[in-house]
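Chemist: Next comes the sequence, and after it the predicted model I'd like to discuss.
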Amino acid sequence: MAGYSADQAPTSRDKGFDAGLDGIHKAVVSVDKAINKVIPEEFNPFYYLGGITNLLWVLLVPSGIFLWFYYKPTTAEAFSSVDYLTAQVFFGGVIRGIHRYAGNGMILMAILHMLRNFFTDRYRGFRDIPWVSGVILLFLTGFIGLTGYLLVWDQRALVITDALVQILKSLDLVIAGLGTWFAQALIGGDEPNNLTLARMLFLHVGPAVMVFFFLWVHYLRLHRPKIWPPMFVTLLTIGAVLLAAGLAPLEKTLPATQPFVEGQTALVYDIFYLLPVLALSSLSAPAVMAILLALFAVMFILPWLPAKKHRYINVATVTPENCTGCQLCAIDCPFDAIIMVQGSNPNPRYSELAVVNDDKCAECGICVGACPFHAINLPLMDEYAIRDKVVALLK
Amino acid sequence: MTSTSDTTQPNVLAQNGKPKILGFLCEWSLGRTDHIHEDGTVKGMEHIKTIKIPCSGFVKTEWVTVAFENGAQGVFILGCPLGDCHFNEGNFIINGRLEQHVGRLVNRKIVDDSGRVAELYLGATGNNDFFGQLEDFTKYIEALPPLVVAAKKPRAAAAKKE
């Protein structure tokens, strides 16, 4: 233990910006710093990407409930009810615009939020549950958006339905009949019919309820999550959505009740939600399905892929000779990083031994304060060194 | 105040004539602070020495005892506001631990007053409260009689294992 002192010990705050940074991480941090030079640090929107996503989500829910009052989920009346809402209802078009642009902003911010946390290496260890729940939230957001575009039941919805069926049917290549079964379950038959929109309405609103559950899981393990952006960023975001909804009314499309018109100019494809549909023009349906599956599979297991460099330099270390297996550290650890292993204590009088899971340790030292037997320690913040420092400071 | 003789109670008073106080500072609780000198002394309050730690939950209650045995008149622990801990529960944990430990210190007659151990919970915006609360704490300690603990017995595992 010689050579360490509490004075020299790098704190966990210093470490985050020194050890194991690669080029992209440095680039992300330098972008933050550049923005900080222009606007105050507290208002830097890059620090609140998750909060902005949540704010946009909160804009989406009431506007969606408003739209739901007017929406009729039948193939015959869906388009006309949306049309009535847009043209006749007081501010209906604007609220539809809010719903659209907040949705666009939400997936954009969610992707930026994910990329930022990926490139600043904040998805491993005790952040595994936030990351995986975030991937589920991203999938739910994309799915909700996709079904939302279908609900309008215009000519674009025909294209999307066709694309979804094609992509799902490519699963037939894996197990015969599986993809067809999925496609039939999705649109309620072989062809779009009166059941389709009722299902889509449920698939638009049902997953939205699941979003709240996964948001709870998302925040659960985070320490001090920034759920809401500061007032300045909040007003900026709401203002941007309102401005877009007021100044850029939604495009007018043709209803799906008439046959598909080739070469329409009014069909606007949202680059984020409708990316799978757009990709179909250059890729085959099985390729799109394979890319989507591979992308989400990789994102799911990402937190558990081995790190290039071991970043954890000050994780708690157990001195087995001192451990009595009393479980105090394991109970107090806020990150479940300490497990008690039965039967491995070197002392024959005790059976359990505390073992630290390096990947989950956040280097807070709460276990050190818990242990009355000097059996657990932070290597760079040695408890004896601090004890000596207490004595030295009081001389 | 500076003329206080060091011969009668050598360990009780600091250079500036005020009672020696030791503080453990959670590094997350005070926002970008330059209130602390390099050597851990609070600026303008030379009798208060501080040690920076990663979380208030890191504090071993043993250190509090050691501080009193070595002449500290008061010990304070600075953490983030309750419920706002960077590590989820560190300040609740130290809160619970100190509640037990201070009672133990009083029962063992190591300290005479449970108020000698203070817990401050300040967030990143609490920089202004920091000095005010420390002044109040100093006044409280000054009103108490000097505390001299005879170190009774060496603690069981005090020796460092190489």
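Modeler: Structure's in. What do you need?
Chemist: Which of the helices or strands spans B:H47?
Modeler: Using DSSP states H and E, B:H47 maps to strand B:45-53.
Chemist: same question, A:N377
Modeler: Using DSSP H and E, A:N377 sits within strand A:376-377.
Chemist: That strand pairs with which strands, parallel or anti?
Modeler: According to DSSP bridges, strand A:376-377 forms sheet pairs with strand A:317-318 (antiparallel).
Chemist: hmm, back to that, helix or strand right after the strand holding A:N377?
Modeler: helix A:383-393.
Chemist: Convert the C-alpha atoms of that following helix to CSV, please.
Modeler: Extracted as CSV, the C-alpha positions of helix A:383-393 are listed here (Å, rounded to 0.1, in the frame of the first residue of the first chain):
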residue,chain,number,x,y,z
GLU,A,383,-8.7,4.2,4.8
TYR,A,384,-5.5,4.1,6.9
ALA,A,385,-4.0,7.0,4.9
ILE,A,386,-7.2,9.1,5.7
ARG,A,387,-7.0,8.0,9.3
ASP,A,388,-3.4,9.2,9.4
LYS,A,389,-4.4,12.4,7.7
VAL,A,390,-7.1,13.0,10.4
VAL,A,391,-4.4,12.7,13.0
ALA,A,392,-2.0,14.9,11.0
LEU,A,393,-4.5,17.7,10.4
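Chemist: ok so, going back, what mean pLDDT does the strand holding B:H47 have?
Modeler: Averaging pLDDT along strand B:45-53 gives 89.
Chemist: now stretch A:80-97, how far from the centre of its chain.
Modeler: Taking Cα atoms, centre = their mean, to the nearest Å, one finds stretch A:80-97 lying 31 Å from the centre of the chain it belongs to.
Chemist: what's the answer for stretch A:163-176, then?
Modeler: A distance of 27 Å separates the centroid of the chain from that of stretch A:163-176, by Cα atoms, centre = their mean.
Chemist: Could you do stretch B:46-57 as well?
Modeler: Taking Cα atoms, centre = their mean, one finds stretch B:46-57 lying 7 Å from the centre of the chain it belongs to.
Chemist: before we move on, back to that, so which residues make contact with the strand holding A:N377?
Modeler: A:316-319, A:323, A:329, A:338, A:354, A:356, A:367-368, A:370, A:383 (Cβ atoms under 8 Å, 6 or more residues apart in numbering or on different chains). Yep, even glycine has a C-beta here, placed from its N, CA and C like the rest.
Chemist: ok, for A:F272, nearest residue in space, not its chain neighbours?
Modeler: The shortest distance from A:F272 to any non-neighbouring residue, by Cβ to Cβ, 6 or more residues apart in numbering or on different chains, is to A:I107 (4.5 Å).
Chemist: where's the one you found, which helix or strand?
Modeler: If you go by DSSP H and E, A:I107 is part of helix A:92-119.
Chemist: Verify the contact between B:V111 and B:F68 for me.
Modeler: Yes - proximity of B:V111 to B:F68 meets the contact threshold set by Cβ atoms under 8 Å, at 5.8 Å.
Chemist: what touches both of those two?
Modeler: B:105, B:147, B:149.
Chemist: Next, the contact list for the second one, please.
Modeler: To tie it back to what came earlier, the one meant is B:L147. Applying Cβ under 8 Å, 6+ apart, the residues near B:L147 are B:12, B:68, B:73, B:111-112, B:116.
Chemist: Show me how far the strand or helix carrying A:F182 is from its chain's centre.
Modeler: Applying DSSP H and E as the criterion places A:F182 in helix A:178-187. Relative to the mean C-alpha coordinate of its chain, helix A:178-187 is positioned 27 Å out (Cα atoms, centre = their mean).
Chemist: Near A:T196, how many other residues are there?
Modeler: A:T196: 22 surrounding residues under other Cβ atoms under 10 Å in any protein chain shown.
Chemist: Would you confirm that it contacts A:G188?
Modeler: Yes - look at A:T196 against A:G188 with Cβ under 8 Å: they come within range, at 5.2 Å.
Chemist: Can you give the domain ranges for chain A?
Modeler: Listed by automatic domain parsing, the domain ranges of chain A are A:21-304, A:317-393.
Chemist: Got the confidence number for residue 119?
Modeler: In the absence of a named chain, this looks at chain A. On the pLDDT scale, A:F119 gets 83.
Chemist: other chain: chain B
Modeler: Value for B:E119, per-residue pLDDT: 92.
Chemist: which residues touch residue 111?
Modeler: Looking at chain A here, since you left the chain open. By Cβ under 8 Å, 6+ apart, the contact list for A:I111 reads A:138, A:272.
Chemist: The intended chain is chain B.
Modeler: B:68, B:102, B:105, B:117, B:147, B:149.
Chemist: Could you single out the nearest of those residues to chain A?
Modeler: B:F68 (9.4 Å; Cβ to the nearest Cβ).
Chemist: That closest one sits in which helix or strand?
Modeler: In the assignment (DSSP H and E), B:F68 maps to helix B:61-69.
Chemist: mind checking how far whichever helix or strand comes after that helix is from the chain centre?
Modeler: Next in sequence after helix B:61-69, counting helices and strands by DSSP H and E, comes strand B:74-79. Mean C-alpha position of strand B:74-79 versus that of the full chain (Cα atoms, centre = their mean) differs by 4 Å.
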